[in-house]
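Novice: everything below, folded, please.
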Amino acid sequence: MSSERFENCCEDLSFLLKELDKIINVTIPKESGEQRKNTVRKTQKKLDEAKNLLNDIDVEMQQAPSSFRNHMSSKARSLRRDYEQYKFKLSEIMIGNNSAGRDQLFGNDGDTAVDRAELNYREKLIHGTETLNRASESVARSQRVAAETDQIGVNILGDLGDQRESLIRTRDNLTDTNQELGRSRRLISSIGRRVITNKLLLGFIIVLEVGILGLVIYLKFFKPKK
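Specialist: All right, here's what the predicted structure looks like:
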């Protein structure tokens, strides 16, 4: 199974994101003035906590086995998208607060230079946030690919090590078999020599017995009597 710490971090982050959703979309729009600013500051702290949990999730995901990493990566991407969404919404709220404060201080004179500068700054901030999000996702993907590549390399090295040990055992078995075959050939050769020797000795004994038998017959029946 995946890391227990990974699952705990995901649960904590999901709960925190639900709180952020309620605060950003329900609570803050109903508030105004100093109360709204305090809530925004507290929300920013919660976003920082969410960022720390995302970092913990990335660490646990990189250390997890490759077989679980795809599921974990999908879950982490979903949580990261929600985090970036709430971060962007809070940045818009903060920009709105700053703009409202200036309007109260200087008055609202329509499309002034300050308004144009504020709009330009807001567009740059949004563009920068989107660029940062894309860069963060690209870095996260690169880290996942690198971790998966490392794991594949480790698995390949392990397989090669197992195959090397198997080849060494096979070579040792072949060496033992060759030695056994050598001993068997020597034993068969020795048995063959003994069979030939026995045959020659048996032939000699037969010839000797036939000679003795012939001599006995000759002496008994054919030798002239004196």
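Novice: how close does residue 145 sit to residue 207?
Specialist: Distance from residue 145 to residue 207, counting by C-beta to C-beta, to the nearest Å: 91 Å. Where you see a C-beta, it was placed from the backbone N, CA and C, and this is true even at glycine.
Novice: actually residue 148, sorry about that
Specialist: When distance is defined by C-beta to C-beta, residue 148 is 87 Å away from residue 207.
Novice: of those two, who's got more company?
Specialist: Using other C-beta atoms under 10 Å as the criterion, residue 148 and residue 207 rank with residue 148 on top: 15 against 10.
Novice: my read: that one touches residue 67, true?
Specialist: No - contact criterion C-beta atoms under 8 Å: residue 148 and residue 67 do not qualify, at 10.6 Å.
Novice: check which helices and strands the helix or strand harbouring residue 167 is in contact with.
Specialist: Assigning secondary structure by DSSP states H and E places residue 167 in helix 113-217. Packing partners of helix 113-217 (3 or more C-beta pairs under 8 Å, 6 or more residues apart in numbering; DSSP states H and E): helix 33-63, helix 66-106.
Novice: pipe these into a markdown table and attach mean neighbour count, mean pLDDT and distance to residue 188 per row.
Specialist: What follows is the helices and strands packed on helix 113-217, written out as a markdown table (neighbours: other C-beta atoms under 10 Å; pLDDT from 0 to 100; distance: least, C-beta to C-beta, whole Å):
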| stretch | mean neighbour count | mean pLDDT | distance to residue 188 |
| --- | --- | --- | --- |
| helix 33-63 | 16 | 88 | 62 |
| helix 66-106 | 15 | 75 | 55 |
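Novice: so what's the spatially most central residue of the chain closest to, chain neighbours aside?
Specialist: Compute the mean C-alpha point of the chain, and by C-alpha atoms, centre = their mean the closest residue is residue 66, 3.0 Å away. Residue nearest to residue 66 in three dimensions, not counting chain neighbours: residue 151, with 4.3 Å by C-beta to C-beta, 6 or more residues apart in numbering.
Novice: quick one: pLDDT of the nearest residue to residue 43 once chain neighbours are set aside?
Specialist: Setting aside the residues directly before and after it, residue 43 is nearest to residue 23 in space (C-beta to C-beta, 6+ apart), at 5.3 Å. pLDDT, residue 23: 89.
Novice: which ones are touching residue 23?
Specialist: Residue 23 sits next to 39, 42-43, 46 when contact means C-beta atoms under 8 Å, 6 or more residues apart in numbering.
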